[in-house]
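**Q** how would this look folded up:
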Amino acid sequence: MEKTLNKYIAVIKQLENGKFSISFPDFEGITALAEKEESIEKVAKGILKTKLQELKDENIEFPAPKSIVEVQKLLGEGEFTTYVSISNEAKPIINKENLKGAINNIRSKSEEIMKGDLKENVEKFYNKSEEIVKDKIGNNVKSENYHFIGMIGGIIYALSAFLPIITVSIPFFNMKMRLGAANISDLKEIGGFVDVSKQIFAVRFIVILVIMSGIFTAYSAYRKHNFYFKSAFAISGGLFLAVLIYVFAQLLGLEKEVREYVGFSYAWLGLLTALILMGISFILTNKKEEKPEGKPEEEE
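**A** Numbers count the residues shown, from 1 in each chain. Prediction:
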């Protein structure tokens, strides 16, 4: 199939902070930022590729490019133009077929595991963990302080929601060092490969859920409401898995060259640590409840 190039004019303007604003007269509302002059072309191509793919997915015909004379008449102070060429066979932002195949593969593998002795192994792991927690921690912590462990876990869980959920690596000689961090909403500055405008609500909603779950867990532990604490622990664990899957799906949608520099942040370490503390408190709380039913009082 013969590839045809679409050539559009981009209007560039340097901002006071040194960055470059990029817009397209042929597409209203599309803007992007380039950190430096050398990256203008890359960012412009990325944002244009995203827009053309959206039009293609919706079966909307590409607009005819405006002439350079027409665009130059409308230029403001400090603005200049450049041509951006891109194939109309732009690759989709998310390869739905590959994603669907990966999900089906995970599902089939999960079914195979479930048919085996997974349940037995999980029970052994839980029993071993329970034994270690009760013997190593339970014997060194006063029973009236068990709930404080869960409260600390809830606080860490809520605070972790304020951290960026992904980090960005930068080249350092022949290595890639994970320096700095970014939210999903900042990905539009990484080459303009990702349009996240439709995901901002989801990201904010997730952050609010994580914060509320952490606060609910901490409050339940502080008030020693065991039923609510167990429910909060289950909600926090389920939410952790749901967010993990969501972020993983978003990372799969990145262009390959961008994906190499993006990964999970240290916020996930905080969330995992919080869940471990909640689990320890959960086990110790159960131990405290079972204690009165233990060995009977000795008769003298």
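
**Q** check which helix or strand covers S85.
**A** strand 79-87 (DSSP states H and E).

**Q** please apply the same query to G18.
**A** Under the assignment here (DSSP H and E), G18 is part of no helix and no strand.

**Q** okay, strands next: where are they in the stretch 1-150 of the chain?
**A** Here the stretch 1-150 of the chain has its strands, by DSSP state E, counting those that start in this stretch, at 5-14, 20-24, 27-34, 79-87.

**Q** show me what the first one is packed against.
**A** In terms of contacts (3 or more CB pairs under 8 Å, 6 or more residues apart in numbering; DSSP states H and E), strand 5-14 is packed against strand 20-24, helix 40-57, helix 68-72, strand 79-87. All C-beta spots, glycine's among them, are computed from the backbone N, C-alpha and C.

**Q** how big is the angle separating it from strand 27-34?
**A** 60 degrees (axes from the mean of the first three to the mean of the last three CA atoms, to 10 degrees).

**Q** ok so, going back, what's the closest of the strands of the stretch 1-150 of the chain to P65?
**A** strand 5-14 (5.0 Å; CB to CB).

**Q** that older thread, what lines up beside the strand holding S85 in the sheet?
**A** Strand pairing for strand 79-87, using DSSP bridges, gives strand 5-14 (antiparallel).

**Q** now the angle from the partner strand to helix 40-57?
**A** 130 degrees.

**Q** mind listing what's buried along strand 5-14?
**A** Of the residues in strand 5-14, 6, 8-12 count as buried by neighbour count, 16 or more other CB atoms under 10 Å.

**Q** swap in stretch 13-23?
**A** 19-20, 22-23.

**Q** between which two of the residues you listed is the distance greatest?
**A** Comparing all pairs in the buried residues of stretch 13-23 by CB to CB, the longest separation belongs to K19 and S23, at 13.3 Å.

**Q** ok, now how distant is the closest residue to F229 other than its chain neighbours from I235?
**A** In space, and not counting its chain neighbours, F229 is closest to S220: 4.0 Å by CB to CB, 6 or more residues apart in numbering. S220 sits 10 Å away from I235, going by CB to CB, to the nearest Å.

**Q** can you check L33 too?
**A** 38 Å.

**Q** circling back: between S220 and I235, who's got more neighbours?
**A** Shown here are S220 and I235; by other CB atoms under 10 Å, S220 has more neighbours (22 against 15).
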